[in-house]
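Trainee: Coordinates for the following, if possible.
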Amino acid sequence: MEGQPPKYVSPPGTWKTKLGLRAASILFIIVLAGIGGSLATTPRVDTVMIIAVVLAPAIIVTFAWDVAEIVCILKRGGNRGIHPGAVVAIDLFAWLGWGCLLLFLWASGMATRPRYVIEDYSGYDGANYRYDESKVTPEDAALEKQIRGKGRAMIAFAIFAA
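Mentor: All right, here's what the predicted structure looks like:
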């Protein structure tokens with residue numbers, strides 16, 4: 001019995017496609033982690049909790065799952081990956097998690113209202129906290145534009161990862 005091939009052998013087109021999609025997923029989450037890290041280290045930008053609490057766990061779990069599937073495809077006999085039922089279940093949970101993460105990224109305002117994550121933002125009127133566009137300094141306007149661009153890029157790569 002030892003010399004027999006496995007009961008199921010994955011066709012080359014199937015397992016190569018799986019490898020390609022998992023590798024693309026890893027690439028997307030690496031880019032997403034880089035963008036998130038650059039936002040988290042930007043002075044006066046308060047996104048550390050968003051990145052650390054929401055984004056980092058999703059990135060770590062997805063990365064580990066993609067690596068596990070790649071290792072199984074390359075090491076198991078017949079280029080079989082993880083059991084298809086487990087793949088569907090975990091990928092659905094991951095998809096739901098990424099969907100929630102996308103909603104949170106959108107709701108946090110990084111892509112739509114980045115002034116809310118800038119500390120000491122100059123566009124607010126003293127005691128009333130009303131937005132006054134005429135008071136926005138050029139530095140804050142540039143920082144707002146940078147955060148908006150990175151927020152939109154994060155949302156795009158999170159969609160790709162999902």
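Trainee: can we go C-alpha only for contacts and neighbour counts from here?
Mentor: Will do.
Trainee: is it true that Lys150 touches Leu39?
Mentor: Yes: in this structure Lys150 lies within contact range of Leu39 using CA atoms under 8 Å: 7.4 Å.
Trainee: Stretch 123-133: end-to-end distance?
Mentor: End-to-end span of stretch 123-133 (CA to CA, to the nearest Å): 6 Å.
Trainee: I'd like the average pLDDT over that stretch.
Mentor: The average pLDDT within stretch 123-133 is 72.
Trainee: Give me the below-cutoff pLDDT ranges for this protein.
Mentor: 1-6, 125-129 (pLDDT under 70).
Trainee: From the contact counts, what lies against the longest helix belonging to it?
Mentor: Counting residues, the longest helix in the chain under DSSP state H turns out to be helix 12-40. Using 3 or more CA pairs under 8 Å, 6 or more residues apart in numbering; DSSP states H and E as the contact criterion, the elements in contact with helix 12-40 are helix 56-75, helix 138-161.
Trainee: so how far is the next helix or strand after the first one off the chain centroid?
Mentor: Note on helix 56-75: by DSSP states H and E, the next helix or strand toward the C-terminus is helix 84-107. Here helix 84-107 is found 11 Å from its chain centre; the criterion is CA atoms, centre = their mean, to the nearest Å.
Trainee: just checking, what packs against helix 84-107?
Mentor: Using 3+ CA pairs under 8 Å, 6+ apart: helix 84-107 touches helix 56-75, helix 138-161.
Trainee: For it, give me every contacting residue.
Mentor: 50, 54-55, 58, 62, 111-112, 151, 155, 158-159, 161-162 (CA atoms under 8 Å, 6 or more residues apart in numbering).
Trainee: Next: stretch 154-161.
Mentor: For stretch 154-161, contacts defined as CA under 8 Å, 6+ apart pick out 25-26, 28-29, 31-32, 35-36, 98, 102, 105-106, 111.
Trainee: what do you get if the cut-off is 10 Å, keeping everything else the same?
Mentor: 21-22, 24-36, 55, 58-59, 62, 94-95, 98-99, 101-106, 110-111, 148-153, 162 (CA atoms under 10 Å, 6 or more residues apart in numbering).
Trainee: And that stretch, what's buried?
Mentor: Going by neighbour count (16 or more other CA atoms under 10 Å), the buried part of stretch 154-161 is Met154, Ile155, Phe157, Ala158, Ala161.
Trainee: Restricting to C-alpha, output that stretch in PDB.
Mentor: In PDB, the C-alpha atoms belonging to stretch 154-161 read as follows (Å, rounded to 0.1, in the frame of the first residue of the first chain):
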ATOM      1  CA  MET A 154      -6.000  50.400   2.500                       C
ATOM      2  CA  ILE A 155      -9.700  49.900   1.600                       C
ATOM      3  CA  ALA A 156      -8.800  48.800  -1.900                       C
ATOM      4  CA  PHE A 157      -6.200  46.300  -0.800                       C
ATOM      5  CA  ALA A 158      -8.500  45.000   1.900                       C
ATOM      6  CA  ILE A 159     -11.100  44.400  -0.800                       C
ATOM      7  CA  PHE A 160      -8.500  42.500  -2.800                       C
ATOM      8  CA  ALA A 161      -7.500  40.500   0.200                       C
END
